[in-house]
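Pasting the sequence and the predicted model now:
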Amino acid sequence: MPGTGYIYTITGFMKDYSLFDIADFVMDEDFIRWVNNNNKADGDFWENWLCRNPHKHLIVAEARKILESVGSEQPVVAPEIIDAEIEKLLLAIRLPQGQVAEFKRRSFPVWKYFAAAVFLTVILGAAVWTFTKDPKTPPKFTYVDATSSKGLVENVNTSKNSITVSLPDGSTVRLAPDSRISYGSRFDSLPTRDVYLSGQAFFNVRKDPHHPFRVFANEIVTKVLGTSFSVRSFEKDTVIQITVSTGKVSVYSQEQATARELAAPNKLSGIIITPNQQLVYEKSSQGFQKILLENPIMINPVSVNKTMAYEDAPIDKVFDDLGRDYGINIVYDTDVLKRCTVTADLANESFYRKLDLICRAIGAKYEVIDAQVVIQSNGCQ
Amino acid sequence: MRRILNNEEEALALLMRKYYTDLYNYAARFTRDDAMIKDCIQDVFISLWHRRQTAAGILSPKFYFLRAIKNKVLKSLDSTRRRIGNQTLPDDYDFFHEFSIEKIIIAKQVSEENAARLQAILALLSKREKEVIYLKYYQHLDNAQIADLMNIGRQAVYNLLHEAIRKLKELWHREFVTQ
């Protein structure tokens, strides 16, 4: 049933949002604009309104969910195709009226063949583009296949040092020697920011949750919303490596991505990696392995315990601090270790050295499994 | 719009650039024939050019183009089957639309189970419900324009929207109360 609030909008009175039910919100132009565009004025208004109507939080949250689930972005027609169509249009309107009238009566008029001939190259290019873009075509995973015929901007580093490439969206790429990277000329106006990499690069991605940033490196796609990470994918290597510096990235194979688009759009979540983790993709076995970096760096250097000096500290506090500082999951049995305490000054040591010292103090061993540290111990007396 | 009155080809080109994606996407709801869609869009702009003296009366270019492309595509689809009069349009045209829920899945705002259910619900919406949702949330038309474009009353638009939202609401409500 329509909520009473909606009636007011039709008759032109001030809208009384407190009378709105979920459906009214989902249909309200102002509400839709807030959810889709998220501009400051709308944000202020709704924040304010929710403050005054706290019991409406749940309704607003549900309305948002519904709006988000019907989506609001449509696939973009490639600028190259639009350019070709505009040329075609301009040519058509410049022809004498009679010929155009002719074209309207016949389904395949002579002028069309003429136009087709003139724009053969453009249209062929567009056709190839459409073909390679079609998710139903078998995926091609080499850099050349992925980038040829797309009219991309390419940067190649032939020097002996890394170079910095700035992308149109404000992200930067540190490109290693012998590496190349490509992206579309309208890169920052498409729904996803796609780049193609051959070789090694470090990405510092500007945050933009609405335009995921994707790196296509041979078989592997790395997808982020805004973070920094590096990808190493030389054609000659047997593995592809992805390392995260800040934030989170999700990685999946192009094989999965294509299968997902065809069959089950909801099945793929990819593998999530976080700082100090590295994902290694082995090309021959097509398998992923998550490992910890050899020398993890602190990701939260200004954590609660600055000194890392402990005196008779309970072990769970020590492990918690360590795990938080490096963003690494440390797994242990709280019950077994509950009587263990540590007295040590762990400042200025590397991650693994700290781990060694702690384990020696409590007579435990550790193992790194699947990018997590697993502690093995018989407990303390 | 006003500028094409002065024979400015550039203005026509600008209009096409601005609305091409919207038009192409809307037309693609009725047919998957890429070449035919492109021909229809060409036709719409060519006939606008030849009738440019009347163009000043067009209030919302986007709405004008959407209506023109719909008529053109449906007529073109129909003439491949049989010849019909200019005025009547079939009411039982197809409307293909697959919702993209990729965004909320990536943002991890939804469990896999719910994503599957959401997909199922969206797939089960009727053709008209899909069209209303598409016009409102993808093309951002207002209810009056949607009614005009779909050849139905405003109340009917409202009912279709409300019914579609009700189906979605049930899903999310369950998600919220079980959290």
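Arrived safely, thanks for sending.

do stretch B:45-60 and chain A meet at all?
Yes - judged by Cβ under 8 Å from any Cβ of the partner chain, stretch B:45-60 comes into contact with chain A through B:Phe45, B:Ile46, B:Trp49, B:His50. Using the backbone N, CA and C atoms, a C-beta is placed for each residue, glycine as well.

now the last one: how far from B:Leu12?
Same thing as B:His50. Computed as Cβ to Cβ, to the nearest Å, the B:His50 to B:Leu12 distance reads 11 Å.

Those two: which has the busier surroundings?
With neighbours defined as other Cβ atoms under 10 Å in any protein chain shown, B:His50 and B:Leu12 compare such that B:Leu12 has more, 22 against 13.

Double-check that that one belongs to a strand.
No - checked against DSSP: H, G, I helix; E, B strand; the rest coil, B:Leu12 lies outside a strand; its state is helix.

my guess is it meets B:Ile46, correct?
No - judged on Cβ atoms under 8 Å, B:Leu12 makes no contact with B:Ile46 at a distance of 9.4 Å.

Need the overlap of contacts for those two.
A:Leu89, A:Ile93 (Cβ atoms under 8 Å, 6 or more residues apart in numbering or on different chains).

What confidence value was assigned to the residue nearest in space to the middle of chain A?
Centrality entry for chain A: nearest residue to the mean C-alpha point is A:Val224, 2.3 Å, by Cα atoms, centre = their mean. A:Val224 is assigned a pLDDT of 80 by the prediction.

And for B:Arg82?
For B:Arg82, the model assigns a pLDDT of 56.

all strands of chain B, in order?
Remark: no strands are assigned in chain B by DSSP state E.

least trustworthy helix or strand in it by mean pLDDT?
None of the helices or strands of chain B scores lower by mean pLDDT, DSSP states H and E than helix B:102-106, at a mean of 56.

Could you list the low-confidence segments of the stretch 101-250 of chain A?
A:101-141, A:148-150, A:226 (pLDDT under 70).

who's in contact with the residue nearest to A:Leu89 when sequence neighbours are not counted?
Nearest non-adjacent residue to A:Leu89, counting by Cβ to Cβ, 6 or more residues apart in numbering or on different chains: B:Phe45, 5.3 Å away. Residues near B:Phe45 by Cβ under 8 Å, 6+ apart: A:Leu89, B:Leu12, B:Leu15, B:Met16.

please redo it, this time with the cut-off set to 7 Å
B:Phe45 is in contact with A:Leu89, B:Leu12, B:Met16, counting by Cβ atoms under 7 Å, 6 or more residues apart in numbering or on different chains.

quick one, phi psi at the first one?
For A:Leu89, the backbone dihedrals are phi -60, psi -50 (criterion: degrees, to the nearest 10).

can you pull the pLDDT of it?
A:Leu89 is assigned 88 on the pLDDT scale.

still on that earlier bit, distance of the residue nearest to A:Leu89 relative to A:Leu355?
In this structure, B:Phe45 and A:Leu355 are 68 Å apart, going by Cβ to Cβ.

what's the answer for A:Ile32, then?
A:Ile32 sits 52 Å away from A:Leu355, going by Cβ to Cβ.

repeat for B:Tyr20
59 Å.

Neighbours of the residue of the stretch 101-250 of chain A found nearest chain B, how many?
Distances between the stretch 101-250 of chain A and chain B by Cβ to the nearest Cβ are smallest at A:Pro212, namely 6.5 Å. A count of neighbours around A:Pro212, defined by other Cβ under 10 Å, yields 20.

how close does it sit to A:Asp169?
Remark: distance between A:Pro212 and A:Asp169 (Cβ to Cβ) = 12 Å.

and if you look at A:Pro275?
Taking Cβ to Cβ, one finds A:Pro275 at 22 Å from A:Asp169.

Next up, the contacts around A:Tyr366.
Residues counted as contacts of A:Tyr366 (Cβ under 7 Å, 6+ apart) are A:Leu355, A:Cys359, A:Val373, A:Val374, A:Ile375.

Identify the residues contacting the helix or strand where A:Arg324 lies?
Following DSSP states H and E, one finds A:Arg324 within helix A:315-326. Residues from elsewhere that reach helix A:315-326 (Cβ under 7 Å, 6+ apart): A:276, A:296, A:298-300, A:303, A:305, A:308, A:310, A:329-330, A:332, A:334, A:337, A:340-342, A:351, A:354, A:358, A:362.

Only C-alpha atoms, please: export stretch A:352-365 in CSV.
Taking C-alpha atoms only, stretch A:352-365 is exported to CSV below (Å, rounded to 0.1, in the frame of the first residue of the first chain):
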residue,chain,number,x,y,z
TYR,A,352,60.3,-12.7,12.6
ARG,A,353,63.0,-11.8,15.2
LYS,A,354,60.2,-10.7,17.5
LEU,A,355,58.3,-13.9,16.9
ASP,A,356,61.5,-15.9,17.6
LEU,A,357,62.1,-14.1,20.9
ILE,A,358,58.5,-14.5,22.1
CYS,A,359,58.4,-18.1,21.2
ARG,A,360,61.7,-18.9,22.9
ALA,A,361,60.5,-17.1,26.0
ILE,A,362,57.4,-19.3,26.3
GLY,A,363,58.9,-22.5,24.9
ALA,A,364,56.7,-22.5,21.7
LYS,A,365,57.2,-23.0,18.0
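
What strands flank the longest strand belonging to chain A, and is each parallel or antiparallel?
If you go by DSSP E, chain A has its longest strand at strand A:193-204. Paired strands of strand A:193-204, with direction, are strand A:172-175 (antiparallel), strand A:179-184 (antiparallel), strand A:213-217 (parallel), strand A:228-233 (antiparallel) (DSSP bridges).

what separates that strand from the chain centre, distance-wise?
13 Å (Cα atoms, centre = their mean, to the nearest Å).

Return the residues in contact with the one residue sitting closest to the centre of chain B.
Nearest residue to the geometric centre of chain B (Cα atoms, centre = their mean): B:Tyr26, 4.1 Å. B:Tyr26 sits next to B:Leu66, B:Ile69, B:Lys70, B:Gln139 when contact means Cβ under 7 Å, 6+ apart.

next one: B:Cys40
Contact analysis of B:Cys40 by Cβ under 7 Å, 6+ apart lists B:Ala27, B:Ile69, B:Lys72, B:Val73, B:Ser76.

so what's A:Asn348 up against?
A:Asn348 makes no contacts at all, as judged by Cβ under 7 Å, 6+ apart.

and if you look at the one 3 residues further on?
Taking Cβ under 7 Å, 6+ apart as the definition of contact, the neighbours of A:Phe351 are A:Pro296, A:Tyr326.

Please report the distance of it from A:Val244.
In terms of Cβ to Cβ, A:Phe351 sits 16 Å off from A:Val244.

Please apply the same query to A:Ile375.
Noted for A:Ile375: a distance of 24 Å to A:Val244, by Cβ to Cβ.

Many thanks, have a good one.
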